[in-house]
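[1] sequence and predicted structure below; questions after.
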Amino acid sequence: MAAPTMDRSTAAAPATPVQTLTISKALNMGLRAAMEANPKVIMMGEDIGKLGGVFRITDGLQKDFGEQRVLDTPLAESGIIGTAVGLAIRGYRPVCEIQFDGFIFPGFDQIVSQVAKLHYRTQGKIKMPIVIRVPFGGGIGAVEHHSESPESYFAHTAGLKVVSCSNPADAYWMIQQAIDCDDPVLFFEPKRRYYEKGEVDTTAQPGPLFASRVLRSGTDATLVAYGPMVRTSLDAANAAAEDGTSLEVIDLRSLSPLDLAPVFESVRRTGRLVVVSEAPSESSIASEIAAKVQQECFYSLQAPVLRVTGFDTPYPPSKLEEEFLPDLDRVLHAVDRSLAW
Amino acid sequence: MSSPEQWTHPEPDAAPAATAAKPTAEQVIAGLRATDEGGADLVQLLTPEGERVTHPDFDIDISAEELRGLYRDMVLIRRVDREANALQRKGQLGIWVPLLGQEAAQIGAGRAMRPTDMAFPSYREHGIAWTRGIDPTELLGIFRGTDQGTWDPVEKRFHPYTIVIGNQVLNAAGYAMGQKFDGKVGDDDGEATMVFFGDGATSQGDVHEGFVWAAVYDAPLVFFCQNNQWAISEPTERQSRLPLYQRARGYGFPGIRVDGNDVLATLAVTRWALNECRHGNGPILIEAFTYRMDAHTTSDDPTRYRLSDELEMWKLKDPIERVKVYLVRQQWADSTFFEGVEAEADALAENLREFCVNMPDPPAERIFSNVYAEGNPVLEAQRDEFLDYVSGFAGGEH
């Protein structure tokens, strides 16, 4: 993989390099930096201009970069993706916002049939440097189609890359790296964590985009999560520590390609793995991790790989989402089962 | 089935073609026989009998040399089409998608384009490919299964064939938006894009979305719909109540129906439409009224769903014959010319045949090549494991 080129010295120009930001603001600043760095970067989506997006992630960008670089598009997701394909062929680097996870499906055909396959079909003569931003996951008390976790569909599709950020620093850097990538990237944003804060160093050289990261070291069992479940897993590890159980927490960050070397290394030490995800478990990213870990760490495993996920149902009415979504207790319950195996 | 009036009712603002709102008996009959009559609004400059006629809005000043060139294009691409069809029958191609009958629509549209214009084809656009300088041998791999199109879409300004019905319409709308954003629209030197699709595609959401997007962004895009009357087995009535060109009005741009078997009319109308687009007056919809003389593909059997009478009727409207008649009548071409084109067609066909039977199968590693622009270590590991497995067999074969 080509190392991301990051010359953002003039971008955003913060007063101090280290700021405390929300994920939402970090994404906004990351998008702004990418637009300043490359005039071919354009934003496309519903309500992203004047309104600044329903989550305000693109707030202020149209005002500063104009309507030709921040497009309030017609209300048609296939149109957003399908025209982004043509703009990419023309030399643009479109960043598409899908307003909510459950609305990506009208654009699914264009993503799977064109975005994912044009580089392959033309044997590299056409590149698809398109980023598709998707606020995803539940926990916000929303109506149907606003709380889904569709990432496995895209991780299953050859030709796409899929990432998810879990904290403000990653939000700031990963969105810029995704925009710099010559492959199409599905960028899943943990919408219920948008307003969680963290430190962002806008001058630090970021690590590679398609890499997982160990966030907390531990010795008794390994937790793997991504997106909104990273916070849940870290909370679970804190709680477990009070009871004397040491959990290692790994943030996957990249869902396709999966960077599992740190997971294998961890499981070889701990012998136990619990994968945490909001998405339903059947044929999911959690399933893939379980398969790969049993293949690579077969003799190190002290217990089967366990998955703590959403259930294999449609996303329920929101009064039931606390039961549906994995939480600290369900994660620790799985850890207990693993340790007791 | 829609009411007959709808087939002949003129657009309120389409002044030149306007006739009485109440249709005559003849118009009603024409409407009922809509598959072989283009209706009152059909733009035609050369009748099936080879008579040059005029049209109040569209005319063309064509030289003998130009017309001979169009004739040659059509004869050659028809020969390519027939040869490829035969190669499928001999087992050399897995499938072929015939263009027979649509030569005028494609050569007329293709020759209206400039090198700086961009074309987005469906999968039957062998004639457009020809006009973009794609060698016919480059079309074979798609249907033989050795590749998915080998030409450089950026250099040739001819996008890869798109097989998912209607997808390319949105892709073209985006490209045309890019031409506008780049400041390449607004004068005689402006750029334009043309997208090709069929009557069946007009039911796809992507085509409707393409109409909306191109309209609201004033994109320099010509929607070129070849209405060949059949979407595999489904007639146009299954796609629309309204003549397809009239749909444009609902989206806020002009729609023109042209005789797609008339290369002069198609060239004139498409030139006009592209010119409008390059000056910033796009988009425009052209419905080329034509007929698919052969099957949908070599896997199809049209005798199950359409009458041979219909085919016989359309044979009388052949796109090539009428040009030949006109060239002879004008004394713009003699037997030496026609024999020369035939000889050229024979040579082209022989070259195609020779090339096809000698096409090598791609190597196994092709499965894995260019899935990503920046690589993927997980996929590379899978590839290496597979190639290692393959190399374990004697001679690398398995």
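    Right, received. Where do you want to start?

[2] show me where the stretch 201-341 of chain A has its helices.
    A:229-242, A:261-270, A:285-296, A:321-324, A:328-339 (DSSP state H, counting those that start in this stretch).

[3] can you add mean pLDDT and distance to chain B and give these back as JSON lines?
    Heads up, the C-betas are built off the backbone N, CA and C, glycines and all. Converted to JSON lines, the helices of the stretch 201-341 of chain A look like this (pLDDT from 0 to 100; distance: least, CB to the nearest CB, whole Å):
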{"stretch": "helix A:229-242", "mean pLDDT": "98", "distance to chain B": "21"}
{"stretch": "helix A:261-270", "mean pLDDT": "98", "distance to chain B": "9"}
{"stretch": "helix A:285-296", "mean pLDDT": "98", "distance to chain B": "9"}
{"stretch": "helix A:321-324", "mean pLDDT": "97", "distance to chain B": "30"}
{"stretch": "helix A:328-339", "mean pLDDT": "98", "distance to chain B": "26"}
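
[4] identify whichever of those helices lies nearest to residue B:171.
    helix A:285-296 (29.3 Å; CB to CB).

[5] quick check: buried residues in that closest one?
    A:285-290, A:292-293 (16 or more other CB atoms under 10 Å in any protein chain shown).

[6] sketch out the low-pLDDT regions of the chain for me.
    In the absence of a named chain, chain A is used. Scanning chain A with the threshold set as pLDDT under 70 gives A:1-15.

[7] ah, I was thinking of chain B
    Looking at chain B by pLDDT under 70, you get B:1-37, B:394-398.

[8] where along it do the strands fall?
    Along chain B, the stretches classed as strands by DSSP state E are B:118-120, B:193-198, B:221-227, B:230-231, B:234-235, B:255-259, B:284-289.

[9] contacts only, for residue 188.
    If you meant another chain, say so; for now it's chain A. A:134, A:136, A:151, A:162-165, A:227, A:255 (CB atoms under 8 Å, 6 or more residues apart in numbering or on different chains).

[10] look at chain B instead
    B:278-279.

[11] ok so, going back, out of the strands of chain B, deepest packed?
    Burial of these is given as mean neighbour count (mean count of other CB atoms under 10 Å in any protein chain shown); strand B:221-227 ranks first at a mean of 31.

[12] which of the buried residues of helix A:285-296 lies closest to residue B:277?
    residue A:285 (45.0 Å).

[13] just checking, what packs against the lengthiest helix in chain B?
    The longest helix of chain B (DSSP state H) is helix B:64-89. Applying 3 or more CB pairs under 8 Å, 6 or more residues apart in numbering or on different chains; DSSP states H and E, one finds that helix B:64-89 contacts helix B:103-112, helix B:126-131, helix B:137-144, helix B:263-278, helix B:319-329, helix B:335-357.

[14] any residues touching the shortest one, and which ones?
    Among residues not part of helix B:126-131, those counted as contacts by CB under 8 Å, 6+ apart are B:73-74, B:76-77, B:80-81, B:84, B:99, B:102-103, B:105-107, B:109-111, B:113, B:119, B:121, B:136, B:138-139, B:151, B:158, B:196.

[15] in ChimeraX, how would I select the buried members of the residues you listed?
    Applying 16+ other CB under 10 Å to the contacts of helix B:126-131 leaves a buried subset, and the ChimeraX line that selects it is:
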select /B:73,74,76,77,80,81,84,99,102,103,105,106,107,109,110,111,113,119,121,136,139,151,158,196
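
[16] reformat the contacts of residue A:188 as CSV; add secondary structure, neighbour count and distance to residue A:47.
    As requested, these are exported to CSV (DSSP: H, G, I helix; E, B strand; the rest coil; neighbours: other CB atoms under 10 Å in any protein chain shown; distance: CB to CB, whole Å):
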residue, secondary structure, neighbour count, distance to residue A:47
A:134, strand, 26, 15
A:136, strand, 28, 18
A:151, helix, 26, 23
A:162, strand, 26, 24
A:163, strand, 27, 24
A:164, strand, 28, 23
A:165, coil, 27, 22
A:227, coil, 27, 23
A:255, strand, 26, 27
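
[17] I'd like those residues as JSON lines, with distance to residue B:186 appended.
    Shown next, in JSON lines, are those (distance: CB to CB, whole Å):
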{"residue": "A:134", "distance to residue B:186": "36"}
{"residue": "A:136", "distance to residue B:186": "41"}
{"residue": "A:151", "distance to residue B:186": "43"}
{"residue": "A:162", "distance to residue B:186": "40"}
{"residue": "A:163", "distance to residue B:186": "40"}
{"residue": "A:164", "distance to residue B:186": "43"}
{"residue": "A:165", "distance to residue B:186": "41"}
{"residue": "A:227", "distance to residue B:186": "45"}
{"residue": "A:255", "distance to residue B:186": "44"}
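
[18] what is the nearest of those residues to residue B:227?
    Nearest member of the contacts of residue A:188 to residue B:227, counting by CB to CB, is residue A:134, at 38.0 Å.

[19] for chain B, see how far away that closest one is.
    19 Å (CB to the nearest CB, to the nearest Å).

[20] contacting residues for residue B:376?
    Taking CB under 8 Å, 6+ apart, one finds A:161, A:257 in contact with residue B:376.

[21] where's it relative to residue A:155, distance?
    Look at residue B:376 and residue A:155: by CB to CB, to the nearest Å, they are 12 Å apart.

[22] also residue B:93?
    From residue B:93 to residue A:155 the distance is 35 Å (CB to CB).

[23] quick check: closest non-adjacent residue to the closest residue to chain B within the stretch 201-341 of chain A.
    Relative to chain B, the nearest point of the stretch 201-341 of chain A is residue A:257 (4.3 Å; CB to the nearest CB). Nearest non-adjacent residue to residue A:257, counting by CB to CB, 6 or more residues apart in numbering or on different chains: residue B:378, 4.3 Å away.

[24] the one you found and residue A:261 touch, don't they?
    No: contact criterion CB atoms under 8 Å: residue B:378 and residue A:261 do not qualify, at 10.7 Å.

[25] compare these two (neighbour count), which wins?
    residue B:378 (17 against 12; other CB atoms under 10 Å in any protein chain shown).

[26] residue contacts, the more buried one?
    Counted by CB under 8 Å, 6+ apart, residue B:378 has contacts A:256-258.

[27] how many neighbours does residue A:141 have?
    12.
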